[in-house]
Structure formats: structure tokens, C-alpha cells
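1. one predicted model, sequence on top.
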Amino acid sequence: MAFVASNLFPDFEPHGFITTPLLEVDYRSTRNYPPAVKTMALLENIFNKVLFKDRDDVTVNSFQSSSYTYDHDKCHFVIKYVDTDDEPREILCFTDAVRDIDEMSVLGDFEAHVMHYCRKYLDQPRERPNFVYVCTAFGSRLRVWKQFRGDYGFGGLWGGYGPSVDRSSYLDLGNDDSSRQIKQALDRITGQSEGSGNEDTASFYPGESHHPRRKRQKRASENC
């Protein structure tokens, strides 16, 4: 007999990005210190079935060029964007996860690894982009960052600059308030919203447009 997720959760109600019983199955699988693969399965389904389901200019997949790094260094998947049919898809955001454990040292090492990987990507000769976004995750929690070429640190779209000092800067994908903040950040990444300019990165990166393919450079007095 075919598996039907709704049979497991007959009283299911949507919460955060968990909009279907099948996503509830994925969400619950990220409890009790799950391996990273459980987190990535949840994220990939949320990106493809909820956040970007109506976008034909955004793709989410695991393909990444190996010209700038070794395969074992790669993030789990990337979000790519294309402006027109005749322009190649461009990486907007790297996404990676670590096994959910309590030790902050492990989370710090993981963030440093992803930052190093992004630096390798940005160090390649190219006119644009001069920055890339990053999603890091554990369990059912996510944080979104921005890294510029030549910068040796991340700027969080919330939670401040630099490595996470505790787990609270990671927002739960199944929480209504947290999901709104995450969606606002991802809308800005994919060009859906210019935003209000009051997120944390504004104080670290003045004068930068959030979208890599935006040609207009904002004045230094404007928030990014």
C-alpha cells in the first residue's frame, strides 16, 4: 500500500514552511540530533516545493563546478538565478548543513569550512558577482549570510557579523515568526524584494546592492 503522509498526521496544520503532511515527515526527521542529510532533504523540499515553486528563473540543485575546489569541499547544493534565457545561470547562494550537536566548536568549525569554500569561489577571476550568499543549517534551523570577495568573514542577514556565538542565531523552519524572517532574506537574495534596508548586514556592507546581477550601485549613504 502506498505511503500517505496525511494518514500519520490527520490533524496536521501548517506552521512556518511546513505546509504539507509530507513536509511534516521531513521536519520531524530533523529532531534528536539528525545527520546533515536529513536537514538537507528538508531544505531542498522547502526550497523547491514552497519558496521557489513558482519561480522559473531560480533553480536548486547539487551541481557545482569543480574547477575551483575539490569534490569533498563542496556544499550540499546551490541556488542559481538567471535574468534571461540567453544568460547562464549564476550561483546566488551556497547551502550546507552540519549534524545537529550541542557543541558550539563543531558549529564554528562548520561555518569556517563553508566560509573557506565561498572564498575559493569568489577568488576566481570574474567581473561579477563580487559577493555570494550562504545558507548554513543544522537540524531544522537555518541562518543566512553574505560574503564579499576579499572578506575573511561572514555578515549575517540577522544575528550580526562573524561566527555564531550560540545556536539562537539559527531560526527554526517550522516557526511562523522565524519563517517570515527567513523568507524576507531569501526574497531579497532572489530579487523579489528590495527590502527595508534594516537587516544586520546594512551596517557591515554599505553601498552594495543585494542582488549580484543588479547593475545599479547604491550610494554609500544608502542601506544595502
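-> Structure received.

2. how about the residue nearest to the spatial centre of the chain, secondary structure?
-> Nearest residue to the geometric centre of the chain (Cα atoms, centre = their mean): residue 135, 2.7 Å. Three-state call for residue 135 (DSSP: H, G, I helix; E, B strand; the rest coil): strand.

3. for the residue nearest to it when sequence neighbours are not counted, list the residues it contacts.
-> Leaving aside its sequence neighbours, residue 135 sits nearest to residue 95 (Cβ to Cβ, 6 or more residues apart in numbering; 4.2 Å). Backbone N, C-alpha and C define where each C-beta goes, glycine included. With contact set as Cβ atoms under 8 Å, 6 or more residues apart in numbering, residue 95 has these partners: 40, 43, 47, 75, 76, 77, 78, 79, 134, 135, 136, 137.

4. residue 138 now?
-> 36, 39, 97, 98, 99, 100, 101, 107, 110, 170.

5. torsion angles phi and psi at residue 124?
-> phi -70, psi 140 (degrees, to the nearest 10).

6. tell me how many other residues surround it.
-> Residues near residue 124, counting by other Cβ atoms under 10 Å, number 11.

7. try residue 91
-> With other Cβ under 10 Å as criterion, residue 91 counts 18.

8. which residues touch stretch 165-175?
-> Defining contact as Cβ under 8 Å, 6+ apart, one finds that stretch 165-175 is touched by 15-18, 27, 42-43, 46, 104, 107, 136-138, 140-143, 156, 158-160, 164, 178-179, 181-182.

9. please export the C-alpha coordinates of that stretch as PDB.
-> Extracted C-alpha coordinates of stretch 165-175, given in PDB (Å, rounded to 0.1, in the frame of the first residue of the first chain):
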ATOM      1  CA  VAL A 165      28.200  32.800  19.300                       C
ATOM      2  CA  ASP A 166      25.300  30.500  20.100                       C
ATOM      3  CA  ARG A 167      22.600  28.500  18.500                       C
ATOM      4  CA  SER A 168      19.900  31.200  18.900                       C
ATOM      5  CA  SER A 169      21.000  33.000  15.700                       C
ATOM      6  CA  TYR A 170      19.700  30.000  13.700                       C
ATOM      7  CA  LEU A 171      15.900  30.200  13.000                       C
ATOM      8  CA  ASP A 172      13.500  27.300  13.000                       C
ATOM      9  CA  LEU A 173      12.000  26.500   9.600                       C
ATOM     10  CA  GLY A 174       8.800  25.400  11.300                       C
ATOM     11  CA  ASN A 175       8.200  28.500  13.300                       C
END
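
10. that one: which residues count as buried?
-> 169, 170, 171, 172, 173, 174, 175 (16 or more other Cβ atoms under 10 Å).

11. I'd like the residues you listed laid out as TSV, including pLDDT and distance to residue 151.
-> Listed next are the buried residues of stretch 165-175 as TSV, based on pLDDT from 0 to 100; distance: Cβ to Cβ, whole Å:
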residue	pLDDT	distance to residue 151
169	92	19
170	95	21
171	96	23
172	97	28
173	97	27
174	97	32
175	97	30
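
12. adding distance to residue 22 and secondary structure, write those out as a markdown table.
-> Output for those, formatted as a markdown table (distance: Cβ to Cβ, whole Å; DSSP: H, G, I helix; E, B strand; the rest coil):
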| residue | distance to residue 22 | secondary structure |
| --- | --- | --- |
| 169 | 29 | helix |
| 170 | 23 | coil |
| 171 | 22 | strand |
| 172 | 18 | strand |
| 173 | 14 | coil |
| 174 | 14 | coil |
| 175 | 19 | coil |
